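Trainee: Next input, structure requested:
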Amino acid sequence: MPRVAAIIGSGAIGAGWAARFVLNGWNVRVFDPDPATPERVHAVLARARRALPGLGDVALPAEGELAFCGLISETVTGAEWVQESVPERLELKQTLYRKLQEHAGEETILASSSSGFTPSDLQATSNNPGQILVCHPLNPVYLLPLVEVVHSDKNHPDRIDRARETLAEIGMVPLRVRGEITAHVADRLQEALWREALWLVRDEVATTQEVDDAIRMGAGLRWAQMGPFDCARIAAGPEGMAEFLRRVGPALNWSRSKLTEVPELDAGLIGRIVEQSEDQSGHLSPEDLEDRRDRNLVTLLRGLASQGWGAGVALRRQDEARAERRAMPRRMADLDDPARPVLTVDRAVPLDWLDVRGRMIEARCLEAFGHATDRMLEIVGSAPGDGAAEAGFLTEESHIRHLDTAPAGAPLRIDSRLIVGDGTRMHLWHEMTSDGRTLATAEQVLLHVEFATRTACEAEPAVAEAMRRLARAQAALPAPEGAGRALGAPREVTRH
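Mentor: Numbering: from 1, shown residues only. Take a look at the predicted model:
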């Protein structure tokens, strides 16, 4: 039975929470008296559908159901998780929590997206303060994994642990904040940078474009995969952190920072920022900027996942958990029926697999088929990419047919067959589909070779036997349409 999350408030943060929960299989109820709520939430969900499902290499669970409620009572009754994302007004939040606790179960987690208030602030007028936590995300909630979990001494450790486990299950990285402090950790760091940026524009040291370039062309790229302390370790070099900090420490007392001063946002400074910001990106609508932001984030996050670093570690962990839940085959023993094609890829189309026309990039198709081949090698017992091996499989020939395309976020699966497996040669057939449509096929021939001499040789006995068994089991399948087709052979073309 699907788990239920209640979302109270549907601005950018609340709608982002709704999208993340829905796309991770939860049923979601949304309460917000604003008549524009359904349109706003559906717009964010549509954007999230294009970006989040293809972020990892394993398909998300089936989508949960989304409902809009007119009463708080019907929104939160029976919900396992309630996420409050209303405006930052303390009295409003305290009143709301008293109302929520009239209808929420005792074990329900009541989490606030507040960026400024502490749990003690929110708990002050509650009869059950231990039920209320702060779980503060960053925007866009459906893509950025960080969520700050802030608690007071009134929150039982079991509730804190359960909150962190739930957040991890929906693909987030819960950062347990060690003490109550306004603006928590992430916003304090962001606000310090924001104050400096305002001073640089105010004093006409740099324009808004130049400030943004200083971050996105420099430190921002470092910070996407290493924080300031890891960067400092590199800067310290052989001398070590202790000596490095002793050496650079005095410079921190020089009056070259205005971290605690905020420039007056008078009409002149506001006008300058508006004019420069218009020159910088006024040709793009907010929707265009959000689209480009999501594409860039997906590219960065997937790149980090390929390296197993930074936020990419969380993506890999999610993929492994999903693959285990979906029982993706990894050995011959995992195959329910070896006589049927093998599911080797089960995921969604990532944003960065599409060109400017929305068609799948050829190289990405080859990449996906490469993953399918790796899975077939894994199933017969040959570990792809084993650097210590003296022999293994190398691709001798590939032939891909590009037949159709699918939008970002669409389901994508590859079913694979072993046409020939004689202990030395693997003749594979892969078929990529989405919602029943065939997008592409790939035919590949691999040879088992000694790497030093590049000469063909028999695979080790267990692998050779597994190849023969799988090939025999699938021999009765009808020949796949297009197998053995010569490059350039004509086929019927549908004109639109």
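Trainee: Need the contact partners of the lowest-mean-pLDDT helix or strand in the chain.
Mentor: Sorted by mean pLDDT, DSSP states H and E, the helices and strands of the chain end with helix 240-248, the least confident at a mean of 81. The contact list for helix 240-248 (Cβ atoms under 8 Å, 6 or more residues apart in numbering) reads 232-233, 235-237, 239. Where you see a C-beta, it was placed from the backbone N, CA and C, and this is true even at glycine.
Trainee: ok, F369 touching Q444?
Mentor: Yes - in this structure, F369 is within contact of Q444 by Cβ atoms under 8 Å, at 7.2 Å.
Trainee: Could you look up the next helix or strand downstream of the least confident helix or strand of the chain?
Mentor: Once helix 240-248 ends, the next helix or strand along the chain (criterion: DSSP states H and E) is helix 267-281.
Trainee: now that following helix: mean pLDDT?
Mentor: Mean pLDDT, computed over helix 267-281, is 86.
Trainee: What is that helix packed up against?
Mentor: helix 186-202, helix 208-214 (3 or more Cβ pairs under 8 Å, 6 or more residues apart in numbering; DSSP states H and E).
Trainee: Please save the CA atoms from that helix in CSV.
Mentor: Coordinates of each C-alpha in helix 267-281 appear next as CSV, following Å, rounded to 0.1, in the frame of the first residue of the first chain:
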residue,chain,number,x,y,z
ALA,A,267,16.4,52.9,-4.9
GLY,A,268,19.8,53.4,-6.5
LEU,A,269,21.2,50.0,-5.7
ILE,A,270,17.9,48.2,-6.5
GLY,A,271,17.8,50.0,-9.8
ARG,A,272,21.4,49.1,-10.6
ILE,A,273,20.8,45.4,-9.8
VAL,A,274,17.6,45.3,-11.9
GLU,A,275,19.2,47.0,-14.9
GLN,A,276,22.3,44.7,-14.8
SER,A,277,20.2,41.6,-14.2
GLU,A,278,18.0,42.5,-17.2
ASP,A,279,21.1,42.9,-19.4
GLN,A,280,22.5,39.6,-18.1
SER,A,281,19.5,37.3,-18.6
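Trainee: Just the buried positions in that helix, please.
Mentor: Across helix 267-281, burial judged by 16 or more other Cβ atoms under 10 Å covers 273, 276, 280.
Trainee: again, but for stretch 202-219
Mentor: Neighbour counts over stretch 202-219 (16+ other Cβ under 10 Å) mark 202, 206-208, 211-212 as buried.
Trainee: before we move on, the earlier item: where do the contact lists of F369 and Q444 overlap?
Mentor: 398, 430.
Trainee: Of the two, give the one with the bigger neighbour count.
Mentor: The neighbour comparison of F369 against Q444 (other Cβ atoms under 10 Å) goes to F369, with 25 against 22.
Trainee: Which elements pack onto the helix or strand that contains that one?
Mentor: For F369, the element it lies in under DSSP H and E is helix 362-379. Counting contacts by 3+ Cβ pairs under 8 Å, 6+ apart, helix 362-379 is packed against strand 342-348, strand 391-402, strand 411-421, strand 425-434, strand 437-450.
Trainee: Restricting to C-alpha, output the shortest one in PDB.
Mentor: The C-alpha trace of strand 342-348 is given here as PDB (Å, rounded to 0.1, in the frame of the first residue of the first chain):
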ATOM      1  CA  VAL A 342      16.700 -10.600 -20.300                       C
ATOM      2  CA  LEU A 343      15.800  -7.200 -18.800                       C
ATOM      3  CA  THR A 344      19.200  -5.500 -18.700                       C
ATOM      4  CA  VAL A 345      18.300  -1.800 -18.400                       C
ATOM      5  CA  ASP A 346      15.200  -0.300 -16.600                       C
ATOM      6  CA  ARG A 347      15.300   3.400 -16.200                       C
ATOM      7  CA  ALA A 348      14.000   6.700 -17.600                       C
END
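Trainee: Just checking: what are the partner strands of it?
Mentor: Strand 342-348 sits in its sheet next to strand 411-421 (antiparallel), going by DSSP bridges.
Trainee: which residues touch Q83?
Mentor: For Q83, the contact set (Cβ under 8 Å, 6+ apart) comprises 5-8, 14, 17, 111-113, 135.
Trainee: With neighbour count, distance to Y97 and secondary structure as added columns, please give those residues in TSV.
Mentor: Shown next, in TSV, are the contacts of Q83 (neighbours: other Cβ atoms under 10 Å; distance: Cβ to Cβ, whole Å; DSSP: H, G, I helix; E, B strand; the rest coil):
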residue	neighbour count	distance to Y97	secondary structure
A5	27	17	strand
A6	30	13	strand
I7	33	15	strand
I8	27	10	strand
G14	25	16	helix
W17	30	17	helix
A111	27	11	strand
S112	27	8	strand
S113	25	13	coil
C135	25	14	strand
